[in-house]
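1. Output the structure for:
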Amino acid sequence: MSITAEVVKAALAQVIDPNTNKDFVSTKSVKNIQVDGDSVALDIELGYPAKSQVSAIRAAVVNALRAVPGVGNVSVNVTSKILSHAVQRGLKVMPNVKNIIAVASGKGGVGKSTTAVNLALALAAEGASVGLLDADIYGPSQPMMLGVSGRPISLDNKSMEPLEGHGIQVSSIGFLIDPDEPMVWRGPMVTQALQQLLEQTNWKELDYLIIDMPPGTGDIQLTLSQKVPVTGAVIVTTPQDIALLDARKGLKMFEKVGIPILGVVENMSTHICSNCGHVEDIFGSGGGQKMCQDFNVEFLGKLPLQLSIREQTDSGMPTVVADPDGAISKTYKEIARKVAIKVADKARDMSAKFPTIVVRND
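-> Below you'll find the predicted structure:
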């Protein structure tokens, strides 16, 4: 049997991407097929970052092709290409930022900021260019969580350079004020400050900008949701009924302003005793999954209430950095890939494709 591009595609149509559960042909991931005698070379282009998955994906594709009669040498190059995706109606994607992901919760104390920073670091570990905006003006925590200090500099007296921590770009009001200084500001001042942090930070070619949203569903959150071009939102909750009550409100808020819900993360899902390893559902169980069923959104994963997560984050070395090969880091990376895949499934942003029309009276 002669080897052709169609034969190669037919073989790859049977290979399922373990992350998307779709075959590589239907997702148009197979690129640049080259056949030379019994040698086959091609690219697999993923729409999401998956550095930790490259070897397994390459092996699956190579094995499928080698099973085709007549195929000898096989060369497979696996890459990721992150594109910009559509945002709320009436807003434009920011320059130098392809996708903005809001990490939100209906109430404080559910581990939203810890989830946001580990999600950002997990996306970066998977090969993406990532930024993190600390939007909690009243309680900025990302400088401490990332172990970053200092004042941002301005090269043009108009914008400021983001600081960097563990390979991601960071902007926070915490870099501009004294750590012990309370922000006694009303809502409009907070909203204006956040827009300045977002728009006047000189972000450098980001695939994803994670926004650690302030807790709640009030005027600040609503205004941000209407003015910031967000690709999608991740809701963080605990299994506790009270937390879920507020998380549901947060989810509905995003739906009202046309921001897609990428999924729900259940934090503090179980408590793991540091002495004996006993697992206990101290905040209840199954609440996050039930909420996802009620609203028809994806359950992204659950994380335990574990001492090490708190210790690592407080020390400026979040779990994904402190223990990159550990079980909890693996969960964060799985959640990050699910989020990135949900983003990749959204409609592409085509605003850059349209020409700017200027009407002049000459």
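2. neighbours around Leu163, how many?
-> Leu163 is flanked by 21 other residues according to other CB atoms under 10 Å. C-beta here means a position set from N, CA and C on the backbone, and glycine is covered the same way.
3. Sorry, wrong one. I was asking about Asp219.
-> By other CB under 10 Å, neighbour count at Asp219 equals 13.
4. Contacts only, for it.
-> Gly187, Thr191 (CB atoms under 8 Å, 6 or more residues apart in numbering).
5. Mind doing that once more with 7 Å?
-> Gly187 (CB atoms under 7 Å, 6 or more residues apart in numbering).
6. pLDDT value on Arg360, please?
-> Note for Arg360: predicted pLDDT of 63.
7. One more: Phe283?
-> 82.
8. got a list of what it touches?
-> Thr238, Pro239, Gln240, Met268.
9. Skipping adjacent residues, who's closest to it in space?
-> Once flanking residues are discounted, Phe283 sits nearest to Gln240: 4.3 Å by CB to CB, 6 or more residues apart in numbering.
10. Give me the neighbour count for the one you found.
-> For Gln240, using other CB under 10 Å, the count is 16.
11. Please give me every residue in contact with it.
-> Gln240 touches Phe283, Gly284, Gly287, counting by CB under 7 Å, 6+ apart.
12. sorry, back to before: please identify which of the contacts of Phe283 is nearest to Gly127.
-> Set against Gly127, the nearest of the contacts of Phe283 by CB to CB is Met268 (28.9 Å).
13. So the nearest residue to His166 once chain neighbours are set aside: helix, strand or coil?
-> Spatial nearest neighbour of His166, excluding adjacent residues (CB to CB, 6+ apart): Val321 at 4.9 Å. Here Val321 is helix, with the state taken from DSSP: H, G, I helix; E, B strand; the rest coil.
14. so the nearest residue to Phe295 once chain neighbours are set aside, which of the three states?
-> Of all residues not flanking Phe295 in the chain, Leu251 sits nearest, at 5.9 Å (CB to CB, 6+ apart). The three-state label given to Leu251 by three-state DSSP is helix.
15. re earlier: could the contacts of Gln240 be laid out in CSV, adding secondary structure?
-> Listed next are the contacts of Gln240 as CSV, based on three-state DSSP:
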residue, secondary structure
Phe283, coil
Gly284, coil
Gly287, helix
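16. out of the contacts of Phe283, which is most surrounded?
-> Busiest of the contacts of Phe283 [other CB under 10 Å] is Thr238, holding 27 neighbours.
17. isn't that residue right up against Met268?
-> Yes - between Thr238 and Met268 there is a contact under CB atoms under 7 Å: 4.6 Å.
18. quick one, what contacts Asn32?
-> Counted by CB under 7 Å, 6+ apart, Asn32 has contacts Leu42, Asp43.
19. Following element in sequence after the strand or helix carrying it, please.
-> Element membership of Asn32, judged by DSSP states H and E, is strand 30-36. Per DSSP H and E, the first helix or strand lying C-terminal to strand 30-36 is strand 39-46.
20. List the strands paired with that next one, with their directions.
-> Using DSSP bridges, the strands paired with strand 39-46 are strand 30-36 (antiparallel), strand 74-80 (parallel).
21. What lies in contact with that strand?
-> 3, 8, 24, 29-34, 57, 61, 65, 71-81.
22. For the nearest residue to Gln200 once chain neighbours are set aside, which residues are in contact?
-> Closest residue to Gln200 apart from its sequence neighbours, by CB to CB, 6+ apart: Ser159 at 4.9 Å. Contact analysis of Ser159 by CB under 7 Å, 6+ apart lists Gln200, Thr201, Asn202.
23. Asp241 and Phe283, how far apart?
-> Asp241 sits 9 Å away from Phe283 when distances are taken as CB to CB, to the nearest Å.
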